[in-house]
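Colleague: pasting a predicted model and its sequence here:
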Amino acid sequence: MDEKYLISIKEAAQLYGIGQHRLRKIISEDYECRYHLMIGRVIKIKKKSFEEFLDIVQEL
């Protein structure tokens, strides 16, 4: 999974240990699409950007 640029909600939940419902809530608050991408109705998370977001939130 290290090579992938975009990951699904399910993959992100397993990788980061965050529940799928919580991930969807975080994505719904990302109005500027900094760390997610919508492909039709499918949500894909930008792995590198989301990891940077987690690092910032963890420091708070």
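Modeller: Thanks, I have it. Numbers count the residues shown, from 1 in each chain.
Colleague: spatially central residue for this structure, please.
Modeller: For the chain, the residue nearest the mean C-alpha position is residue 45 (4.0 Å; CA atoms, centre = their mean).
Colleague: that one should be in a strand, yeah?
Modeller: Yes - with DSSP: H, G, I helix; E, B strand; the rest coil as the criterion, residue 45 is part of a strand.
Colleague: element containing the closest residue to it other than its chain neighbours?
Modeller: Nearest residue to residue 45 in three dimensions, chain neighbours excluded: residue 12, at 4.9 Å (CB to CB, 6 or more residues apart in numbering). The C-beta positions use only the backbone N, C-alpha and C, and glycine is treated the same way. Per DSSP states H and E: residue 12 is located in helix 9-16.
Colleague: buried ones in that helix?
Modeller: Buried residues in helix 9-16, defined by neighbour count with 16 or more other CB atoms under 10 Å: 9, 12, 13, 16.
Colleague: circling back to that earlier point, mind listing what the residue nearest to the centre of the chain touches?
Modeller: 6, 7, 8, 9, 12, 23, 27, 35, 36, 37 (CB atoms under 8 Å, 6 or more residues apart in numbering).
Colleague: tell me the phi and psi of the first one?
Modeller: According to degrees, to the nearest 10, the main-chain angles of residue 6 amount to phi -110, psi 140.
Colleague: the second one now?
Modeller: In this entry, residue 7 is assigned phi and psi values of phi -130, psi 160 (degrees, to the nearest 10).
Colleague: ok, it - how many residues close by?
Modeller: Each residue near residue 7 was counted by other CB atoms under 10 Å, and the total is 18.
Colleague: would you agree it is in contact with residue 15?
Modeller: Yes - between residue 7 and residue 15 there is a contact under CB atoms under 8 Å: 6.9 Å.
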